[in-house]
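Chemist: I need the structure of the sequence given here:
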Amino acid sequence: MSATPEDPRAEQPESGFLGRPLPRRRFLALTTAGAASLSLARIPAGFGAESPAPDPQGAGGCKVSLVVNGHTHELWIDGRSPLLDVLRDGLMLTGAKKGCDHGQCGACTVLLEGRRVNSCLVLAQSCAGDRITTIEGLGTPEALHPMQAAFLRHDGFQCGYCTPGQICSAVGCVLEGHAREPEQVGEFMSGNLCRCGAYPNIRAAVLEAAEATASLPKP
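Modeler: Presented below is the predicted three-dimensional model:
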């Protein structure tokens, strides 16, 4: 006959896995460790000061050649890395913004072979050899792209966080032939959200710059 613990704070056996007794402290330790493992699993590997670069010989590492804004970059990346993370953390091109990270806000929009894409949803390794144009590659402070200049003239931004994605998307919208009237621009730019509500000014800027943008070489 087992003795009853005198100290009420002593460990009491609990029903464990497969019906085996599991001490309370052991149970708490296991569940805490499991929760920590799940949290760490959500952290993307490959970039950042706290995580080492992917091992080229490792299971997830791969070499990729990216053509960004006319320059070719040979990079070792984690094969799971989205294009957005490689642009921002690997190449330090921070114009494309990390917004929702689910392809719903458009803040990360860049041009891929002249097509607008949400770079948070595109694997970087799938873009090998393709032309990638970010907001940094559209124009310079001394020679603005017509769309950039039109956004300035029409105050097509307020906080500016979504503006790089808006401008890249606007260029893509023009190249698709979807910038003929305000309603059409509103429809085909609806994937780019502006929390400041600058939509009327954005539409005006896109319509004004449409002809000049269409006459330029495809980015």
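Chemist: mind checking the SS state of the closest residue to Thr109 other than its chain neighbours?
Modeler: Spatial nearest neighbour of Thr109, excluding adjacent residues (Cβ to Cβ, 6 or more residues apart in numbering): Gly165 at 3.8 Å. All C-beta spots, glycine's among them, are computed from the backbone N, C-alpha and C. Secondary structure assignment for Gly165 (DSSP: H, G, I helix; E, B strand; the rest coil): helix.
Chemist: quick one: contacts for Gly165?
Modeler: By Cβ atoms under 8 Å, 6 or more residues apart in numbering, the contact list for Gly165 reads Ala96, Lys97, Gly99, Cys105, Gly106, Ala107, Cys108, Thr109, Ile135, Asn192.
Chemist: Show me which residues of stretch 92-104 are buried.
Modeler: Leu93, Gly95, Ala96, Lys97, Lys98, Gly99, Asp101, Gly103 (16 or more other Cβ atoms under 10 Å).
Chemist: swap that for stretch 61-78, sorry
Modeler: Result for stretch 61-78 [16+ other Cβ under 10 Å]: buried residues Gly61, Cys62, Val64, Leu66, Val67, Val68, Asn69, Leu75, Ile77, Asp78.
Chemist: so Gly106 makes contact with Ile167?
Modeler: No: the pair Gly106 / Ile167 is not scored as a contact, 10.9 Å apart, by Cβ atoms under 8 Å.
Chemist: out of these two, which sits in the busier spot?
Modeler: Comparing Gly106 with Ile167 by other Cβ atoms under 10 Å, the one with more neighbours is Ile167, at 27 against 23.
Chemist: What is the distance between stretch 181-189 and the centre of its chain?
Modeler: Put simply, stretch 181-189 sits 24 Å off its chain's centre (Cα atoms, centre = their mean, to the nearest Å).
Chemist: Okay, buried residues for it please.
Modeler: Going by neighbour count (16+ other Cβ under 10 Å), the buried part of stretch 181-189 is Gln184, Val185, Phe188, Met189.
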